[in-house]
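1. Sequence unavailable; structure follows:
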């Protein structure tokens, strides 16, 4: 059976059980109405039975409000109940009116000629009423959808409760922070002295927070991609190179908000289209099987995707602006898994372990944190961040996020209508989706340059990457 969850009364990086129960099918809202199930706050329940559809919210409104508060999410939970009640009222009235229409149709067949005119008039009036009610119901459904969108997934019972990063819990450490007998340089100084990037050209050609990688930095990025993908393929992941664009409704299904205003939107939109530049291959890999029923025998389906990632970094002004730590474009290798609810907990731990293996193989100091409720994105039921030690970050070195992995339960599959048919059972169920960063190249390059720097200004190449780079040290170019 799947792992149990307990809803607490207490209260990704953008990196947002289960979730707003809405499914987008070609931009039409479909609501599945389920029977109300009493929820005991003191008892564990199977995660696969929790549904943040309107019925679940109505029955567990205090728990949903507490979860929103724990996650620093401003959402009008009461509005969901109000709009759903109105939708149900209109649906009932519409059904009753249509039933009257059907009765008139039956009477018409056996009615006398002199009675048919009156029946026609009555039928026309009822038809008009149905049209009005359907229009009102569409508005109520739209209002319900809007009120459901901000409500996040429920949270794993073991996730730390807190409002900011101070509440994150370190659950694993690898190696002590690197210490040098000399004053360590940050990655920008190393990049400039070793001629590994051109920031000025990036600004001239594209704008701030863009850059040109050069020389061994290019080889480092390509080596990181090969290193990560080969490791994942050996573990049964199917390699995919995804498009760098996706439709707006796919992004919404994954949990992004491409329709936000320019001041808050994290996504680049393409003018005069319904396309956006993707912020992660999670978007495209998650959209690959939208509106499909997957074969249970093939689950879990594990993908490793390669893509460029584009982020506006809205709201990040003044934070990590130096160098390539926070940029508008970078290359990333992403893991994405479709599975059954019962498989999801073990797979989440497997993905976390793979991320640890990748950075252990690079010989980098890092720790893993269990992300607190206030730092979780909307889709994540639980999230781990892997933070590598960066000696040049801050005053005396700091940890910086390099990967993360999230169990999103059925938050994304409900929105994208991705199901599987359980063997020996009638009907279908929503799959669970999980994602994890194998390598975000710019962040990994920072960690490598800063941890492997030498007193003479050179940088040793991690042994795991030397087969692709063809040398064991990056040195200053002779003029």
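-> Okay, I see it. It should be emphasised that the depicted structure is a prediction, and the values quoted were computed from it without experimental measurement.

2. contacts, neighbours, all on C-alpha from now
-> Will do.

3. Just give the number of residues close to the closest residue to residue 301 other than its chain neighbours.
-> Using Cα to Cα, 6 or more residues apart in numbering and skipping the chain neighbours, the partner closest in space to residue 301 is residue 338 (5.1 Å). Neighbour count of residue 338, defined by other Cα atoms under 10 Å: 30.

4. Tell me if I'm right that residue 338 and residue 304 touch.
-> No - using Cα atoms under 8 Å, residue 338 is not in contact with residue 304, being 11.9 Å away.

5. Write down the beta-bridge partners of the residue nearest to residue 301, one by one.
-> Residue 338 has these beta-bridge partners by DSSP bridges: residue 301, residue 433.

6. what ranges do the strands span in the stretch 151-300 of the chain?
-> Per DSSP state E, counting those that start in this stretch, the stretch 151-300 of the chain carries strands over the ranges 169-174, 197-198, 212-213, 238-241, 245-247, 275-277, 293-295.

7. what's the answer for the stretch 351-479 of the chain, then?
-> Per DSSP E, counting those that start in this stretch, the stretch 351-479 of the chain carries strands over the ranges 366-370, 382-390, 398-407, 419-421, 429-430, 432-440, 459-460, 473-474.

8. Among those, which comes closest to residue 209?
-> Evaluated over the strands of the stretch 351-479 of the chain, closeness to residue 209 peaks at strand 432-440, with 15.9 Å, by Cα to Cα.

9. can you list contacts of the closest one?
-> Residues from elsewhere that reach strand 432-440 (Cα atoms under 8 Å, 6 or more residues apart in numbering): 224-225, 228, 282, 286, 330-341, 344, 347-348, 351-352, 354-355, 358, 402-413.

10. what does stretch 76-90 give?
-> 54, 57-58, 61, 64-65, 133-134, 136-137, 140-141, 143-144, 147-148, 151.

11. so can I have TSV of the strands of the stretch 151-300 of the chain showing distance to residue 309 and mean neighbour count?
-> Listed next are the strands of the stretch 151-300 of the chain as TSV, based on distance: least, Cα to Cα, whole Å; neighbours: other Cα atoms under 10 Å:
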stretch	distance to residue 309	mean neighbour count
strand 169-174	28	14
strand 197-198	18	19
strand 212-213	15	18
strand 238-241	12	16
strand 245-247	10	21
strand 275-277	8	20
strand 293-295	27	17
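
12. quick one: which of these is nearest residue 91?
-> Using Cα to Cα, the strands of the stretch 151-300 of the chain put strand 293-295 closest to residue 91, at 28.6 Å.

13. Report the contact partners of residue 101.
-> By Cα under 8 Å, 6+ apart, the contact set of residue 101 is 123, 126-127.

14. That one looks like it's in a helix, true?
-> Yes - looking at residue 101 with DSSP: H, G, I helix; E, B strand; the rest coil, it is inside a helix.

15. Low-confidence ranges, the stretch 151-300 of the chain, go.
-> Nowhere does the stretch 151-300 of the chain drop to pLDDT under 70.

16. what's the burial count for residue 88?
-> Other residues near residue 88 come to 14 when the count uses other Cα under 10 Å.

17. I'd like the numbering to begin with 59 instead of 1 from here.
-> Renumbered: residue one is now 59, and that last one reads residue 146.

18. Residue 336 touches residue 324, doesn't it?
-> No - between residue 336 and residue 324 there is no contact under Cα under 8 Å: 10.0 Å.

19. for this structure, what spans make up the helices?
-> Listed in chain order, the helices of the chain (DSSP state H) span 112-117, 119-128, 135-168, 171-206, 245-252, 257-263, 273-292, 306-312, 339-345, 399-419, 469-474, 499-509, 524-527.

20. Okay, angle between the fourth one and helix 135-168 too, please.
-> For the pair helix 171-206 and helix 135-168, the angle between their directions (axes from the mean of the first three to the mean of the last three Cα atoms, to 10 degrees) equals 160 degrees.
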